[in-house]
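Student: pasted the sequence and its predicted model underneath.
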Amino acid sequence: MPASPTRLKVPSIVSASCILGLLYAGRAILQPIALALILSLIIAPLIRTLGRHGMRRLPATLAALLLAGACAAGIGAILTVQLISVTAELPQYQAALRQKAGQLSAQAERPFAWMEANLHAAEPLAPGGASDQSLAATPRQPVAVEIRPARPSAGETLARLFSLVWGPIGGTGLVLVLLLFILLEHESLQDRLIRLAGQTETSRTVRTLADAAQGVSRFFFSQFVVNAAFGIAIGMALWGLGIPHAVLWGALGGLLRFVPYLGALGSGACITVFVAAIDPGWSLTMSCVALFALIELTVANFIEPKVYGHSTGISPLAVVVSALFWGTLWGPVGLLISTPLTVCLVVAGRHVRALEPLSILLGEAPNVTAAQRFFQRALSGEITAILRDSSAYVRRASFARYCDHVLLPGLALAVAELRVGKIDEPQQEHIRRTVADVAETLAPSTAESLPKRRRRHVSLLDANVGAHLRQLREARLGRWQGSLEVPQHSIVLCAGLARERDDLVSELLVRALREAGVDARSISLPLPYEEHEPEKANLVATVFVPSPLNDALESWSQAMGELRRLLPNAMLVAIRAPQDESEVQYQEVQRHVDMVLRSFGEGLAFVAPQSPSEI
């Protein structure tokens, strides 16, 4: 089992509160640093590519920065021209939008006006109501007074323009300077972080940095390429439809797409409003909406999974929550870099124990194995969900593999908690009924099609699931669980002590073997008197027995000796599952049997080597 995550305690909560306060108070300093770090991860794959072509670190870094800067400057110049043009045309667009808004408002109010007219059609007018309104005094019209401020001087205009431009230019310059030094001192920063973590954490620190340098940077670079391609596709589509300023709207779509979920909706809304302002009717607007939706769905569902995987590695809810968190904390900059920051935190949480709760809460899927999920659902009685997942598992593999990797490890977790008294009686009943339903659904007693799940109550189920399952098979197949008119050495016998654990393992193994076409039957030790007959003993080729627990070693050893005497020609094989490793020593089990196997899959391969098993 994986190590339990760090539990939240009062000092941890206080520390987290202090960190949040520092993040908010120091956002003016931390924002450019975070932007520079994320940009360095985006540019890192380009630097590595140039390095593989023979360029040294410094020339490759400078070349990558110059290339990225030239592209950004060119695009920025084009967008500035487009933005100035749009600003000059704003009055015309505002008038068109008011007209369209009036049309939509009239259409939306028409049903309510019709309902109001019908409701008040029979109501009489109040006496004197009309005359009173006509006699009301008409108020005097106010005189409009226009106050024109004095025109600012040229110096004041330049100072105001400089103050408006200096903020973005200064912030951009600071980010670029930080980016340059981070890229140039990449190896030095890595050595400092390893030294800071300490000699005992060197391997973990190296793995964390490797994930950040390779996996995370590759994802950010791929995301940048995909969003840029999305913006180009939107711009070309709008240009093909004759929409003005298509470059501006394409760049807006690609940039806002870095904001998860809301970014695509925002860019689509902006484009829709602009097209509605220039479209005399509604056909061009509807065409642009349909085209935008088609490109977005194609990129999100087909291109992104091919380029950098199905998702960011964090859950969709965590993406929205992170956007809300960073947007509230750092404003528009935080909203833009919310997903990259959260991805970095999730990656760090996989290696840094203090951040492990973040990886669990924000990760795409919790770090829960199939066996743990089975155990959790069995405790709460979610049989439908268990049967759905188990049926899908068996369609891909086999019932033997399902027992080895899900069912038996899940039951081992139940046994561990049962020993310390953490499972109450209703939960034990849930687990027993779940195991019985799974066995009857996935590996039914007969070779017929899968029966519908039965809900009838059987008293034996409450005491011994394995004996209950054996009773069901005997009721369908007879006392001997099949015909005795079979060739010699063709029956595989699964025998265990008359205990709940051994009966269950034996019955599950029988069903796994019968699924592969093996004539397997189960029985409790010691063998009944009828089994002593030589003609019946010669029918058995192999006897599978579950490995013993510590408290039953003596009785198990005596039962193995009895099996040797009664079935001298049969191969005696012990099934020692991985969850039994902490019980009786391997050597102690081996000296009583002919062979020791470690899974149902190995047992299936031993008796049916030609069967298609997924071991």
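Tutor: That came in fine, so what should we check first?
Student: can you give me the strands in this protein?
Tutor: Ranges of strands within the chain are 491-497, 520-525, 540-546, 571-575, 595-597, based on DSSP state E.
Student: columns distance to residue 97, mean neighbour count and mean pLDDT on top of those strands, output as TSV?
Tutor: C-betas here are computed from N, CA, C, even on glycine. Shown next, in TSV, are the strands of the chain (distance: least, CB to CB, whole Å; neighbours: other CB atoms under 10 Å; pLDDT from 0 to 100):
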stretch	distance to residue 97	mean neighbour count	mean pLDDT
strand 491-497	78	25	87
strand 520-525	76	23	85
strand 540-546	77	24	89
strand 571-575	75	21	89
strand 595-597	76	16	88
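Student: got CSV for those strands, with distance to residue 357 too?
Tutor: Converted to CSV, the strands of the chain look like this (distance: least, CB to CB, whole Å):
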stretch, distance to residue 357
strand 491-497, 43
strand 520-525, 45
strand 540-546, 39
strand 571-575, 39
strand 595-597, 40
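Student: any idea which of those strands gets closest to residue 565?
Tutor: Within these, the stretch nearest residue 565 is strand 571-575; the backing value is 11.4 Å (CB to CB).
Student: residues contacting that closest one, please?
Tutor: 505, 509, 541-547, 560, 563-564, 589-590, 592-600, 603, 606 (CB atoms under 8 Å, 6 or more residues apart in numbering).
Student: can you check stretch 272-282 too?
Tutor: 93-94, 96-97, 100, 243-245, 249, 284-285, 288-289, 292.
Student: repeat that with 10 Å
Tutor: Here stretch 272-282 makes contact (CB atoms under 10 Å, 6 or more residues apart in numbering) with 86, 89-90, 92-101, 103-104, 238, 241-245, 248-249, 252, 284-289, 292.
Student: state the mean pLDDT of that stretch.
Tutor: Stretch 272-282 carries an average pLDDT of 82.
Student: let's number from 54 now, not from 1
Tutor: In the new count, where the first residue is 54, that last one comes out as stretch 325-335.
Student: distance between that stretch and the chain's centre?
Tutor: The chain centre lies 39 Å from the centre of stretch 325-335; the measure is CA atoms, centre = their mean, to the nearest Å.
Student: and that stretch, what's buried?
Tutor: The neighbour-count check on stretch 325-335 (16 or more other CB atoms under 10 Å) flags 327, 328, 329, 330, 331, 332 as buried.
Student: try stretch 285-296
Tutor: Applying 16+ other CB under 10 Å to stretch 285-296 flags 286, 287, 288, 290, 291, 296 as buried.
Student: my guess is the fifth one contacts residue 341, does it?
Tutor: Read that as residue 291. Yes. At 6.9 Å, residue 291 counts as touching residue 341 under the criterion of CB atoms under 10 Å.
Student: anything in contact with each of those two?
Tutor: Contacts common to residue 291 and residue 341, judged by CB under 10 Å, 6+ apart, are 302, 324, 327, 328.
Student: which one of those is nearest to residue 314?
Tutor: residue 324 (16.9 Å).
Student: residues near the closest one, how many?
Tutor: 24 (other CB atoms under 10 Å).
Student: now it. Nearest residue, chain neighbours left out?
Tutor: Distances taken as CB to CB, 6 or more residues apart in numbering put residue 302 closest to residue 324, at 5.1 Å, once the chain neighbours are dropped.
Student: ok, now which ones touch that neighbour?
Tutor: Contacts of residue 302 (CB under 10 Å, 6+ apart): 135, 139, 284, 287-288, 290-292, 296, 320, 323-324, 327-328, 341, 345.
Student: and the pLDDT for residue 203?
Tutor: 57.
Student: could you do the one 5 residues further on as well?
Tutor: With respect to pLDDT, residue 208 has a value of 58.
Student: again, but for residue 344
Tutor: With respect to pLDDT, residue 344 scores 90.
Student: isn't it right up against residue 292?
Tutor: No. Using CB under 10 Å, residue 344 makes no contact with residue 292, being 11.8 Å away.
Student: quick check: neighbours shared by these two?
Tutor: Counting by CB under 10 Å, 6+ apart, nothing touches both residue 344 and residue 292.
Student: tell me which of the buried residues of stretch 325-335 fall in helices.
Tutor: Here DSSP state H is the test, and the buried residues of stretch 325-335 give 327, 328, 329, 330, 331 as lying in helices.
Student: just give me the closest of the residues you listed to residue 541.
Tutor: Using CB to CB, those come closest to residue 541 at residue 328, 83.4 Å.
Student: want to try a markdown table for the buried residues of stretch 285-296, with pLDDT and distance to residue 461 as columns?
Tutor: Formatted as a markdown table, the buried residues of stretch 285-296 follow (pLDDT from 0 to 100; distance: CB to CB, whole Å):
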| residue | pLDDT | distance to residue 461 |
| --- | --- | --- |
| 286 | 92 | 51 |
| 287 | 91 | 53 |
| 288 | 90 | 57 |
| 290 | 90 | 56 |
| 291 | 90 | 59 |
| 296 | 88 | 63 |
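Student: now, these that are in helices?
Tutor: 286, 287, 288, 290, 291.
Student: which ones are touching the closest residue to the fourth one other than its chain neighbours?
Tutor: Read it as residue 290. The shortest distance from residue 290 to any non-neighbouring residue, by CB to CB, 6+ apart, is to residue 344 (5.2 Å). Neighbour list for residue 344: 286, 287, 290, 291, 293, 294, 324 [criterion: CB under 10 Å, 6+ apart].
Student: and residue 240, how many neighbours?
Tutor: 9.
Student: how about residue 225?
Tutor: 14.
Student: what of residue 370?
Tutor: 10.
Student: thought it was touching residue 415?
Tutor: Yes. Applying CB under 10 Å, one finds residue 370 in contact with residue 415, separated by 9.0 Å.
Student: next one: residue 466 from residue 83, what distance?
Tutor: 43 Å (CB to CB, to the nearest Å).
Student: ah, wrong one, I meant residue 302
Tutor: 32 Å.
Student: beta partners of residue 650?
Tutor: Residue 650 forms beta bridges with residue 628, as assigned by DSSP bridges.
Student: residue contacts, it?
Tutor: Taking CB under 10 Å, 6+ apart, one finds 597, 600, 626, 627, 628, 629, 630, 656, 657, 658, 659 in contact with residue 650.
Student: state the distance from the fifth one to residue 543.
Tutor: Here residue 628 is placed at a distance of 20 Å from residue 543 (CB to CB).
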